[in-house]
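1. I would like to see how this sequence folds:
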Amino acid sequence: MGKKTIAINGKNGEDYSYKKGVAEPLQLSSAFYFNSIEEAEAAFTCQSNDYVYTRGRNPVLDAFEERMTLLEEGSSSIAFASGMGAIATLLFSLLKSGDKMIAHSILYGSSYELIKKTLLDYGIEGVFINLKDEKAVKQALDESVKVIYFETPCNPTLDIISIERIRELVGENVLIVVDNTFATPFLQRPLNQGADFVVHSCTKYIGGHGDALGGVVVCKDKEQDSRIRFEYMCHFGTVMSPFNGWLFNRGLKTLGLRMEAHSKTAMTIAKFLEQHKAVKKVFYPGLESFKDYELAKKQMSNFGGMVSFLINENECQAIQLVESLDLFKLAVSLGDVESLVEHPMRMTHRGYSREERALFGIDYSLIRLSIGFEDCEDLISDLEKGLSKVK
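-> Residues are numbered from 1 along each chain as shown. Down below sits the predicted model:
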């Protein structure tokens, strides 16, 4: 089946709609009753598919997890209360004190701080390198490295990292975790390219309307599911709300069409910015001038709705620009129907030190756009107005 068909219908023959309703019902019950202790025993020992408690499983979450598994072509999925809940729970389940993990130097700010600071408190060392530097990857590898973690495209510079090449470099004994939030399974499927786990912040494109928090982990190996779900997710309490799961099920049904629309408008805006005299550099995987364009063409089926750019002036001018826009709302997050703008160094990536920003190439004049569904000409007019204030 095609991806759009899967996103709408899920698995053939599996009925989550009950009583033949076209739309799936919302099951909010926190607990499920049994007719006997024998029935309860079967559920608690996983000898039946009966539900026990929503912190472990729920019909709405089952439907969402099934769709994500099919879309990412994995073996199982686990839904979480947020993207960071998914990332943190997964990493804690894979690593122990004395282990080391390698991460790309440019990450979403909260992911960066989790790996740099929080995991270190538990004796887990995070090493940040440029994963596009093969020599640096080889030098960083040793027996204590258990996990490689990265985003592709990266937030906020849109770097594209070759999943296949990372697998070749690290071998089969190191687990690869890829954050696929920017691309979604409609544009990229990391498990088919060598990843062991895919994570998403469902809050972004999967939900698509900025009204629900959630995350998901998709596993290549189904044997990992039970341990992550029952030994970590259940004990950490990072389970997704059934109501949010219901919203994400609805979001998946239009995700394919939305990613096509996001990508189309983003390409037009990236080309506009590339020609503007006030713009120094544009970061968009679909531009031929983008350093990772050829890799993006190979690894992705389209280029997504995120665009970043540098202006010719300083940080003050960048702040003045983002504050002057009307249609682009000044906000964190991304992937909404509304267009958003942010200044990463003052917002999502403020956890990076000045020295780290300089080392990793995250400039103070960098501006990140999340392209929504407003008319493209109106978005360009809004940007033109803001850029006119940049000398």
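2. What ranges does the stretch 151-300 of the chain have for its strands?
-> Using DSSP state E, counting those that start in this stretch, the strands of the stretch 151-300 of the chain run over residues 175-179, 197-201, 215-219, 279-283.
3. what do you get for the stretch 1-150 of the chain?
-> Using DSSP E, counting those that start in this stretch, the strands assigned to the stretch 1-150 of the chain run over residues 76-80, 100-104, 125-129, 145-151.
4. Tell me the neighbouring strands of the last one, and mark each as parallel or antiparallel.
-> When you say that, I think you mean strand 145-151. Paired strands of strand 145-151, with direction, are strand 100-104 (parallel), strand 175-179 (parallel) (DSSP bridges).
5. Just give me the neighbour total for Q139.
-> Counted with other CB atoms under 10 Å, the neighbours of Q139 add up to 10. C-betas here are computed from N, CA, C, even on glycine.
6. Can you check what pLDDT the model gives it?
-> Here, the pLDDT recorded for Q139 equals 97.
7. how much space is there between it and L359?
-> Distance, Q139 to L359, by CB to CB, to the nearest Å: 17 Å.
8. what does G74 give?
-> Distance, G74 to L359, using CB to CB: 35 Å.
9. Looking at these two, which one has more neighbours?
-> G74 (26 against 13).
10. got a list of what the closest residue in space to the more buried one that isn't next to it in sequence touches?
-> Leaving aside its sequence neighbours, G74 sits nearest to V218 (CB to CB, 6 or more residues apart in numbering; 4.1 Å). Applying CB atoms under 8 Å, 6 or more residues apart in numbering, we find V218 in contact with M68, T69, E72, G74, S76, S77, L191, F197, V198, V199, H200.
11. Tell me which residues touch the first one, please.
-> Spelled out, that is M68. Taking CB under 8 Å, 6+ apart, we find M68 in contact with G74, S77, A79, P185, H200, V216, V218, L252.
12. on that earlier part again, if we compare the strands paired with strand 145-151, which one ends up closest to N302?
-> Smallest distance to N302 across those (CB to CB): 17.4 Å, for strand 175-179.
13. average pLDDT for the closest one?
-> 98.
14. And for stretch 382-391?
-> The average of the pLDDT scores along stretch 382-391 is 88.
15. For that stretch, which residues meet the burial criterion?
-> By neighbour count on 16 or more other CB atoms under 10 Å, the buried set for stretch 382-391 is D382, L383, G386, L387, V390.
16. So the last one: helix, strand or coil?
-> Each residue gets one of three states, and V390 gets coil by DSSP: H, G, I helix; E, B strand; the rest coil.
17. what residues are up against it?
-> V390 sits next to A278, I311, N312, E313, Q317, Q320, L321 when contact means CB under 8 Å, 6+ apart.
18. What sits closest to it if chain neighbours are left out?
-> Nearest residue to V390, sequence neighbours excluded (CB to CB, 6+ apart): A278, at 4.1 Å.
19. Am I right that that neighbour is in contact with L310?
-> No - counting by CB atoms under 8 Å, A278 does not reach L310; the two are 10.2 Å apart.
20. got the domain boundaries for the chain?
-> 13-251, 255-387 (automatic domain parsing).
21. Dump those to a markdown table, plus distance to M1.
-> Formatted as a markdown table, these follow (distance: least, CB to CB, whole Å):
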| stretch | distance to M1 |
| --- | --- |
| domain 13-251 | 8 |
| domain 255-387 | 12 |
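22. which stretch among the ones you listed comes nearest G2?
-> Of all the domains of the chain, domain 255-387 sits nearest to G2, with 8.6 Å by CB to CB.
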